[in-house]
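>>> I'd like to go over a predicted model; first the sequence, then the structure.
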Amino acid sequence: MTIKNSHFNVLIGLNSFIIFFLLFEESIKIPAYLQVIGRMHPLLLHFPIVLLVFSWLIFLFRSRLEKEVPRINSIIGSLFYISSCLIALTAIFGLLLSREGGFEGDSYFLHKYTGVALSFLTLGLIAFIRFNQNKKNKVIFTVGINLSIVLLLLVGHYGASLTHGDDFIMSPLRENKSKELNLEDAMVFEDAVLPILQAKCVGCHNINKPKGGLILSDSLSILKGGENGKVFIAGNALTSLMIERILLDIEDEHRMPPKGKSQLSIDEVSLLRSWVQSGGRFNVPLSAFREQDTLFQAVKTVYGFEGAETYTFDSADENLIAKLVNPYRIINPLDLGSPALDVNFYGKEFFNKESLSELTPIAEQVVSLNLSSMPVSKDDIQVLKKFKNLRVLNLNNTKLSNEELAQLNSIENLKSISIVGTEIKLDGLKKLAKMPNVRKMFVWNTPIQSKELDALKKEYPRLKINSGIITDDSQKLTLTPPKVNPTRSFFQNQIMVSISHPISGVQLRYTLDGSDPDSTKAQIYKSAFPLERDALLRVKAVKEGWLNSVEIKQHFYNASIKPQRVVLETKPNQQYKARKEVSFFDLESGGDNNADGRWLGFHGTDMSAILSFDNKVKMDTLSLSIKQEYNQHIYPPESIEVWGGIDSLNLRLLNKVKLVLDKPDQMKGRKIIACYIPKQEITYIRLKAKHYEKIPEGFPGNGSPPWLFVDEIIIK
């Protein structure tokens, strides 16, 4: 192929467009049809790669091929020209794609400009072919085509990092290494949670490609969240966005990881859920959790532990175990399929002198025993000596004497002893410390002084002695928030409200009129109280020697009137249909999770419902309980119309409420929109919530159709 002016001009035009785009990209807005073209970038890029490499290979072996194919140089020129055009087009498609956002960081910058450089380099080489008619200085083309291959490799590398995360190519070698954790040193987030995120999530949520404004590569970025808000709600896994997205159907567009990407295993999902449910903390060692804890077991299932013990003794008879189990003595296998047993006692009033001795038929299989707060006697210590395979023993807050506790040193296989709140003394603790297999001891609130424990730690460095948190008189802990029951906000005619706190002696100060619970209007909670009207409960916990808890607020609304029939004239979105018409008057409050089965979600459509009564009802207010979450494109309606009358043929407009959107920084997650109507008798109501066609300018998601979420209708 001879490179003609027309051919060369096409290439000049494509590269000129690239230059123009780079100069003015901040001012360029991409229409929808060009976004479609931009998204073809990953599809198109494979063609120039193949053609450029093929051209380079033929060029390398051209001297051997010239005899067989006299026009080999023309073929090389043709292939190189086509690959150059495709490289320029691929660069243009990539620039269009980049304007959609979600790409930043070093990998994006390097991928972008090495791609542009490759396009310019191949243009220069085509110019060399076009204007070097005498075939001189072939070394320039040789250097240039070799350099183009180097640039191609760099472009591909940075593109792979951008799409799949850093070190995508080498990650299988890392994954083949032992994943087993060192139980003594492992940190829950760093060693168990973060590797899952790096393997399954960071490819799309990294500093170079923060999809949805979310980065999951480090703790600070995770806490920051993304465009849709917080990644998780500590202690509440099922309402956390991360867990919600992971549990969506594989075909759902919001599923994470999306279809086509490497999915999380059931055990990995369980680990992430357990971590969030446990508080989602970033600096907690795995050893802080009991072996029976759900999170501990999830980590053990996914990773396993270095030097994990295997048990060679036979399993106990299942029928025998079933006879020994009761509500106050729970027996479980330590692991699925393991012969080792874990035993926990509950309710000290039900513990008697036979409670422990009845376990002697399965003493060989018991490796973990929890007797915390039980009335354990010296006779029980003699029984414990029969549990030769016992590894973990919890005797916290038992009334055993120092001498009785010291006798535990005859249980040779003990590895962990917890004797918090007991009468153990230094001489007794030293006897236990000399046991050959003991590695952990939990000792605080005992007669042993902190100086003595420090000396013991130095004397036995192999031991991990946990002596609790030492505080001085100037340090105070913050009380946890009180709990309000019920958690729902709606009731009919009357509701009983109770407030509780797990710490005894705490004073619960509350108000029902919205005033500060520290004010003189505050009441001291004594027992559950009835509510028969709307109220704003504000409550906090107070106790001498502690810092006050954070304040808890909860609204209560009396939905005193309920229609006999409700008909939805518009259908909610299939994903957020709750219980359809029933949900409007079921007195159930929707939570943070949009898919909790209590929210009715409408997308790109108005909400219209008909409410009818068997008899005439006097009313003066109709309210709509809605959700606001601008980052999720959930907005209140633009207006609400209430039509009413004595039948469906004689309706008139009773009120039309036009709403003003709260500013994003002043938005509250829930809102009650009240529509006041002239007090009258009504048997038929048509309620219309008219939505914005598009989210207004200046608000998150502007130009897109908004969502409307409703959980309750309140009539008074």
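Sure thing, it's come through. Numbers count the residues shown, from 1 in each chain.
>>> need the contact list for the most centrally placed residue in the chain.
When C-alpha atoms, centre = their mean is applied to the chain, the residue found nearest the centroid is residue 242 (2.9 Å). Residue 242 is in contact with 231, 232, 256, 272, 276, counting by C-beta atoms under 8 Å, 6 or more residues apart in numbering. Just so you know, the C-beta spots here come from the backbone N, C-alpha and C atoms, and that holds for glycine as well.
>>> Now the element after the helix or strand containing it, going C-ward?
Assigned by DSSP states H and E, residue 242 falls within helix 241-246. Note on helix 241-246: by DSSP H and E, the next helix or strand toward the C-terminus is helix 266-277.
>>> Just the CA coordinates for that next one, please, in PDB.
Taking C-alpha atoms only, helix 266-277 is exported to PDB below (Å, rounded to 0.1, in the frame of the first residue of the first chain):
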ATOM      1  CA  ILE A 266     -20.300 -17.400  50.800                       C
ATOM      2  CA  ASP A 267     -17.700 -17.600  53.500                       C
ATOM      3  CA  GLU A 268     -16.200 -14.300  52.400                       C
ATOM      4  CA  VAL A 269     -19.600 -12.600  52.500                       C
ATOM      5  CA  SER A 270     -20.100 -14.100  56.000                       C
ATOM      6  CA  LEU A 271     -16.800 -12.700  57.100                       C
ATOM      7  CA  LEU A 272     -17.600  -9.100  55.900                       C
ATOM      8  CA  ARG A 273     -21.100  -9.300  57.400                       C
ATOM      9  CA  SER A 274     -19.700 -10.500  60.800                       C
ATOM     10  CA  TRP A 275     -17.000  -7.700  60.700                       C
ATOM     11  CA  VAL A 276     -19.600  -5.000  60.100                       C
ATOM     12  CA  GLN A 277     -22.000  -6.500  62.700                       C
END
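>>> OK, contacts around the nearest residue to residue 692 once chain neighbours are set aside?
Nearest residue to residue 692, sequence neighbours excluded (C-beta to C-beta, 6 or more residues apart in numbering): residue 638, at 4.9 Å. With contact set as C-beta under 8 Å, 6+ apart, residue 638 has these partners: 658, 659, 690, 691, 692.
>>> Also residue 523?
Counted by C-beta under 8 Å, 6+ apart, residue 523 has contacts 509, 510, 511.
>>> out of these, who's nearest residue 249?
Using C-beta to C-beta, residue 510 comes nearest to residue 249 of those, at 42.7 Å.
>>> from the chain's centre, how far out does the stretch of helix or strand that closest one belongs to sit?
Using DSSP H and E, residue 510 sits in strand 507-511. Averaging C-alpha positions (C-alpha atoms, centre = their mean, to the nearest Å) puts strand 507-511 33 Å from its chain's average.
>>> hmm, who's touching it?
So strand 507-511 is contacted by 482, 499, 501, 517-519, 521-525, 537-543 (C-beta under 8 Å, 6+ apart).
>>> So that I can see them in PyMOL, could you write out a selection of the buried residues among those?
Buried members of the contacts of strand 507-511, defined by 16 or more other C-beta atoms under 10 Å, are picked up in PyMOL with:
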select buried, resi 482+499+501+517+522+525+537+538+539+540+541+542+543
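>>> before we move on, back to that, tell me the pLDDT at the residue nearest to the centre of the chain?
According to the prediction, residue 242 has pLDDT 89.
>>> Could you do residue 438 as well?
91.
>>> Against residue 432, how distant is it?
Using C-beta to C-beta, to the nearest Å, we find residue 438 at a distance of 6 Å from residue 432.
>>> Mutual contacts of the two, please.
Counting by C-beta under 8 Å, 6+ apart, the residues touching both residue 438 and residue 432 are residue 417.
>>> Out of the contacts of residue 242, grab the one that's most surrounded.
residue 272 (25 neighbours; other C-beta atoms under 10 Å).
>>> Pretty sure that one sits against residue 193.
Yes. If you go by C-beta atoms under 8 Å, residue 272 and residue 193 touch, sitting 6.7 Å apart.
>>> who touches both of the two?
Counting by C-beta under 8 Å, 6+ apart, nothing touches both residue 272 and residue 193.
>>> can you give me the helices in the stretch 51-200 of the chain?
Ranges of helices within the stretch 51-200 of the chain are 62-65, 72-98, 106-131, 138-164, 171-175, 194-200, based on DSSP state H, counting those that start in this stretch.
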